[in-house]
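Asker: can't give you the sequence, but here's the structure:
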């Protein structure tokens, strides 16, 4: 197990700031989940920066509980209610998701709103270079990640009950405004490139508007792969899901080809051909083929937008790290990457600046 896997894989004793009354939760789950039997054991997953996530063991079965973090929260952040809604809506679709059991908005049970879903056995790949896999399997892993995202973007929101899951149209302008407000609410230092991006990006949004269900944080370590096959068996972490432009979602997934592992789990600068990983062009072509596109114009704008958005997310992690509510022990290290991420975003768009 490499250093990244040691940091994020598996479970640990529940952190002090994320503990709750286990007996009270056990009574609640016995009343609300069919065939639920105690005694209840609780461990906390190491991975994840946003919502504390726990593995529950009871009666020979495993479940997963995701909750809002304690403390003061940014507006609309940590939306476990929306996450539960989209997972429930996608049950039985071509997009693999865990089984949803219940949503509890009664904060007296564990201290914040939470939901419970099934625990899915399999592999989570924290290192995007996939050490330990053969080149052919690496390619197959990336191809199935690509396939599932294309399937998500082909889902008709109305058919699965998500027609009102977000406001259609004007997606990028609303996203930039939203993330900029979140950024300012957790700002710890002035970053000039962020100030410039916040002005330039909304003034230069590419033409055209499309609407699909978007994941919002679709990347390799937010999915579970089959224990032995290069196949996605569950997509996780739907906290940022909404109705939006599918190209915003896809180009976020594509960010890894533009950033290195030192910045945010990227693969830029690696010998992709030797590793068996697809090139950015090949990965993009596969998505376009699956979704009936001729290509993706304005790619640099989308990349700059997504790096800006990610810098806002990293700044939010920094804010939670400083006030002690972040879910991961490595949150401070992640938060410090907001500035270099903003600088990387400006490099993407400066060639477009006239």
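Answerer: All right, it came through fine. From a predicted model like this one, the values you see are computed outputs, not experimental measurements.
Asker: Name the residues of the lengthiest helix in the chain that are buried.
Answerer: In the chain, taking DSSP state H as the definition, the longest helix is helix 299-323. Going by neighbour count (16 or more other C-beta atoms under 10 Å), the buried part of helix 299-323 is 299-321. In this view, the C-beta of every residue, glycine as well, is placed from N, C-alpha and C.
Asker: Can you list the neighbours in contact with the host helix or strand of residue 140?
Answerer: Element membership for residue 140, per DSSP states H and E: helix 135-154. Counting by C-beta atoms under 8 Å, 6 or more residues apart in numbering, helix 135-154 makes contact with 93-96, 125, 130, 133, 212-215, 218, 220, 223, 225, 230-232, 235, 246, 249-250, 253, 274-278, 283, 286-287, 290-291, all of which sit outside it.
Asker: Could you turn the buried ones of the residues you listed into a PyMOL selection?
Answerer: Selection of buried members from those for PyMOL, criterion 16+ other C-beta under 10 Å:
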select buried, resi 95+96+125+130+133+212+213+214+215+218+220+223+225+230+232+235+246+249+250+253+275+276+277+278+283+286+287+291
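Asker: Which ones among the contacts of helix 135-154 map onto helices?
Answerer: Per DSSP H, helices hold the following members of the contacts of helix 135-154: 246, 249-250, 253, 274-275, 283, 286-287, 290-291.
Asker: And those, which two are furthest apart?
Answerer: In terms of C-beta to C-beta, those reach their longest pairwise distance at 246 and 274, which sit 31.3 Å apart.
Asker: the strands in this protein, which residues?
Answerer: Remark: strands of the chain, listed N- to C-terminal, are 11-12, 41-45, 53-58, 61-67, 100-104, 114-118, 212-214, 223-225, 232-235, 242-244; assignment by DSSP state E.
Asker: Identify, out of those, the most deeply packed stretch.
Answerer: The highest average neighbour count among the strands of the chain, using mean count of other C-beta atoms under 10 Å, belongs to strand 212-214 at a mean of 24.
Asker: got a list of contacts for it?
Answerer: Under C-beta under 8 Å, 6+ apart, the answer for strand 212-214 is 86, 90, 152-155, 157, 160, 162, 165, 241-246, 248-249.
Asker: Off-centre distance for that strand?
Answerer: Relative to its parent chain, strand 212-214 has a centroid offset of 14 Å by C-alpha atoms, centre = their mean, to the nearest Å.
Asker: check contacts around residue 39.
Answerer: Taking C-beta under 8 Å, 6+ apart as the criterion, residue 39 is in contact with 26, 58.
Asker: in stretch 149-163, what's buried?
Answerer: Under 16+ other C-beta under 10 Å, the buried positions of stretch 149-163 are 149-155, 157, 160, 162.
Asker: before we move on, what about stretch 166-185?
Answerer: Judged by neighbour count using 16+ other C-beta under 10 Å, the buried positions of stretch 166-185 are 166, 171-172, 175-176, 179-180, 182-183.
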